[in-house]
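**Q** based on what follows, work out the 3D shape:
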Amino acid sequence: MDRTSAFAWQPNAALSQASNAAAFMHVLGVDSWEAMVRCGDEDPERFHRVLLDHFGFRFYRPYSAVVDETRGPAWASWCVGGTTNVVLNVLDRWRGTPTYDKPLLDWEGEDGARRTLTYREIDREVCRLAGGLRGLGLGPGDVVAIYLPNVPEAMVAMLAVAKIGAVVMPLFSGFGADAVASRLATGGAKAIITIDASLRRGKVVNAFAVVDEAAALSPAVEHVIVLRHTGAPVDWRSGRDHWWDELCATQPDTASTQEMDAEAPYLLVFTSGTTGQPKGVVHSHIGFTAKLVLDLWLLLDCKPSDRVFWMSDMGWIIGPLIVFGTPLVGATLVLVEGAPNYPDPDRMWRIIERQRITYLGVAPTTVRGFMAQGSAPAATYDLSSLRMLISAGEAWTPEAWWWFFQQAGGGRLPILNFSGGTEMISIIGTTVLLPLKCCGFNCALPGTGADILDESGASAMPGAVGELVMRRPSIGLTRGIWRDEVRYLQTYWSTWPGIWHHGDFASRDADGQWYIHGRSDDTMKIAGKRTGPDEIEALALATGQIADAAAIAVPDPIKGSALVLVCVPKPGASDPDALRDKLERAVTQGLGTPFRPSRVIFVSDLPRTRNMKIMRRVIRAVCAGEEPGDQSALVNPEAVLELRMRIGNDPDDRRRRAP
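**A** A predicted model of the protein is given here:
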């Protein structure tokens, strides 16, 4: 269906009236979502004060002002003078209430193992690990990396690190040693929590071996805490390494939660931009937690009765969102180890039926995978428990959107899509109060000043594609890039004075529906995971057989975007087939299987500007079969002709690998 088509879903009175948003709007004294957005944008002091009070947000010491922008919007400070802790609000608040004895976590292993832990039991394990970490000398401000798959202890670890006032640094569990080491160094991590090994698609993945190699390259790392899981052997280093169970064995079941300044950093999540070096996105105790109230509770209508299920790795922003967000609203998280389509192709749907999931989150790439394998869940599984469908991570295709709308929701549930990023979770989203079109977002988030700007910096006309921006600093906005203020300002605040430049192309139609059209820079999203080209290219160059390389993403019907490597081999390099295999292994070992190149193309030179900058925009267009646009800056236009020839004439270069 065309994006300018009729509405695909209309709100119903019962759903709207029972929503969290409707209850809050009554307290705020407004009668529409649009009026609430205006209040959040124009009077952030009142809006956020009413929101935090209504939700029952907890502070040790109350704040004197909601926001202070005296240093400018890039450095806005929130809940000035207040002290709190994310764990005070997501776990401690439930002590002495009925919620304390309800399930917080239902876990399933890839091998079928099951565990259920109540809020009380999670709290006990968090306190014991917090005591163990304190016993190692870890405390406020220390960075603790977490390299764990989706096991219950991943939630415990993230909560325990935050509880002691340390900074949680989750890492993608599929990263290789080089990627882990670079992030340990950038973050200055003093400790890392990992596992001996885990299962992934029936294979044992030795996480400790990766951490052992990475830690050896990271002199700041003093401690490695290891969870026993599979019993795989580990190459133990006495003094540095500690078994989780032994560390916690003598710790009491209770521990204090560290009182922290509301703006103290607690979460460091890595994302990448076109410069390639991973960016450490910093979130504070007040910022991330208050944004979860805005996004998960107010926008996405998550309720205490919900059973939340979203298969995401802890190293991407959705991991912290579900780990901290689910207990924040008092709901139950269903956490699953492994992949959505292994050991059987319809595993995700089977879990929804058995676990009676009410609140399902997906990335569009997951849906396209189910479509490709011919799944028909609506005819095979009982999905009647579902109440909400949530999506994020990348743009939908109309075919995938309609498939999910019909197959998962039976045409009765809205797809609550939201878009923003690691830096602030969401800028635009979907509420149950407004009608929805295919692939669209039906609202902006209050307190963001969301807009779309044309090249002149003016608000774009309806239907025109421009740059998605925020005219206001959101309470959940990153507090900068870790230890790199200059890069933070240059990346996000240098295009238009006082305006956050997000880097997504977007548009709005005449009905007020928003659409995302992809990144406006060279950042790539592969299977919903963002990375920059330089990090991938560095892995290719490290083989020693490549003189130069360009990593770009092209449209892919399954993954949304597929990685293509265009390389200049060194003289005397391996034969093409062997070199392709070597490059694929280098990238997957460094960044994980989702980043395996779908195509490796060899050329004698790359298209370059006169100052020798690689023109990835041109390479991307040629590989996607599109017109590359203005090439006036090229110093070697013959490189474009060669690339076209390689793609069109070399059957080996057209070889594609299954995702």
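
**Q** where along the stretch 401-550 of the chain do the strands fall?
**A** Along the stretch 401-550 of the chain, the segments classed as strands by DSSP state E, counting those that start in this stretch run 415-417, 419-421, 425-429, 443-444, 450-453, 466-470, 500-508, 514-519, 524-526, 529-531, 546-556.

**Q** and the stretch 101-250 of the chain, by the same measure?
**A** Ranges of strands in the stretch 101-250 of the chain, per DSSP E, counting those that start in this stretch, are 103-108, 114-118, 143-146, 167-170, 191-195, 198-200, 203-205, 223-227, 241-243.

**Q** of those, which approaches Pro327 most closely?
**A** Closest approach to Pro327 among the strands of the stretch 101-250 of the chain (CB to CB): strand 103-108, 5.8 Å. Every C-beta, even on glycine, is put in place using the N, C-alpha and C of the backbone.

**Q** flag the helix or strand of this structure with the lowest per-element mean pLDDT.
**A** For the chain, counting by mean pLDDT, DSSP states H and E, strand 529-531 ranks last in confidence among helices and strands (a mean of 65).

**Q** out of the strands of the stretch 401-550 of the chain, which is the most enclosed?
**A** Among the strands of the stretch 401-550 of the chain, strand 425-429 has the highest mean neighbour count (mean count of other CB atoms under 10 Å), at a mean of 26.

**Q** any idea of the angle it forms with strand 500-508?
**A** Inter-element angle recorded for strand 425-429 and strand 500-508: 20 degrees (by axes from the mean of the first three to the mean of the last three CA atoms, to 10 degrees).

**Q** buried set for the helix or strand hosting Arg354?
**A** Following DSSP states H and E, the helix or strand that holds Arg354 is helix 347-355. Neighbour-count burial for helix 347-355, counted by 16 or more other CB atoms under 10 Å, picks out 347-349, 351-353, 355.

**Q** again with stretch 598-608
**A** Result for stretch 598-608 [16+ other CB under 10 Å]: buried residues 598-603, 606-608.

**Q** ends of that stretch, what's the gap?
**A** 23 Å (CA to CA, to the nearest Å).

**Q** can you redo the buried residues of helix 347-355 as a markdown table with pLDDT?
**A** Converted to a markdown table, the buried residues of helix 347-355 look like this (pLDDT from 0 to 100):
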| residue | pLDDT |
| --- | --- |
| Arg347 | 95 |
| Met348 | 96 |
| Trp349 | 97 |
| Ile351 | 97 |
| Ile352 | 98 |
| Glu353 | 98 |
| Gln355 | 97 |
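
**Q** closest to Met388 out of these?
**A** Once CB to CB is applied, the member of the buried residues of helix 347-355 that ends up nearest Met388 is Ile352, at 12.4 Å.

**Q** setting aside sequence neighbours, what's the nearest residue to that closest one?
**A** Closest residue to Ile352 apart from its sequence neighbours, by CB to CB, 6 or more residues apart in numbering: Leu383 at 5.8 Å.

**Q** try Trp33
**A** Closest to Trp33 by CB to CB, 6+ apart is Leu433, at 5.1 Å.

**Q** Ser19 and Trp33, how far apart?
**A** Per CB to CB, to the nearest Å, Ser19 is found 10 Å from Trp33.

**Q** which neighbours do the two have in common?
**A** Taking CB atoms under 8 Å, 6 or more residues apart in numbering as the criterion, Ser19 and Trp33 both touch 431, 433.

**Q** right, and Val600 touches Leu565 too?
**A** Yes - judged on CB atoms under 8 Å, Val600 makes contact with Leu565 at a distance of 4.8 Å.

**Q** hey, what's in contact with both of the two?
**A** In contact with both Val600 and Leu565: Leu583, using CB under 8 Å, 6+ apart.

**Q** quick check: buried residues in stretch 325-342?
**A** Buried residues in stretch 325-342 (16+ other CB under 10 Å): 325-341.

**Q** now do the same end-to-end measure for that stretch.
**A** Stretch 325-342 end-to-end distance (CA to CA) = 27 Å.

**Q** can you check stretch 396-416 too?
**A** Distance between the boundary residues of stretch 396-416 (CA to CA) amounts to 12 Å.

**Q** again with stretch 608-618
**A** In stretch 608-618, first residue to last residue: 9 Å (CA to CA).

**Q** among the buried residues of helix 347-355, which one sits closest to Met424?
**A** Nearest to Met424 among the buried residues of helix 347-355: Met348, at 27.9 Å, using CB to CB.

**Q** please name the nearest non-neighbouring residue to the closest one.
**A** That would be Pro340: by CB to CB, 6+ apart, it lies 3.9 Å from Met348.

**Q** I figured the one you found was touching Trp310, is that so?
**A** No - with contact defined as CB under 8 Å, Pro340 does not reach Trp310; the gap is 10.4 Å.

**Q** for Arg93, see how far away the nearest residue to Ser284 once chain neighbours are set aside is.
**A** What sits nearest to Ser284 in space, not counting adjacent residues and going by CB to CB, 6+ apart, is Glu263, at 4.7 Å. Separation of Glu263 from Arg93 (CB to CB) stands at 20 Å.

**Q** same check, this time on Leu389
**A** According to CB to CB, Leu389 and Arg93 sit 28 Å apart.

**Q** what does Asn206 give?
**A** Distance, Asn206 to Arg93, using CB to CB: 38 Å.

**Q** just Ile427 next, same as before
**A** 28 Å.

**Q** name the helix or strand for the residue lying closest to Trp310 once chain neighbours are set aside, please.
**A** Nearest residue to Trp310 in three dimensions, chain neighbours excluded: Gly361, at 3.1 Å (CB to CB, 6+ apart). Per DSSP H and E, Gly361 falls inside strand 359-362.

**Q** pairing partners for that strand, with directions?
**A** Strand 359-362 has its sheet partners listed here by DSSP bridges as strand 307-310 (parallel), strand 388-391 (parallel).

**Q** please point out which parts of it sit buried.
**A** Residues 359-362 are the ones in strand 359-362 that count as buried (16+ other CB under 10 Å).

**Q** just give me the closest of these to Gly135.
**A** Taking CB to CB as the measure, Gly361 is the one of those closest to Gly135, at 36.2 Å.

**Q** beta partners for that closest one?
**A** Beta-bridge partners of Gly361, as defined by DSSP bridges: Trp310, Ile390.

**Q** again, but for Trp496
**A** Note on Trp496: beta-bridge partners Ile499, judged by DSSP bridges.

**Q** that one touches Met470, doesn't it?
**A** No - applying CB under 8 Å, one finds Trp496 not in contact with Met470, separated by 10.7 Å.

**Q** what sits against the residue nearest to Met348?
**A** Contacts of Pro340 by CB under 8 Å, 6+ apart are 311, 347-348, 366, 369-370.

**Q** what about it, which helix or strand?
**A** Using DSSP H and E, Pro340 falls outside every helix and strand.
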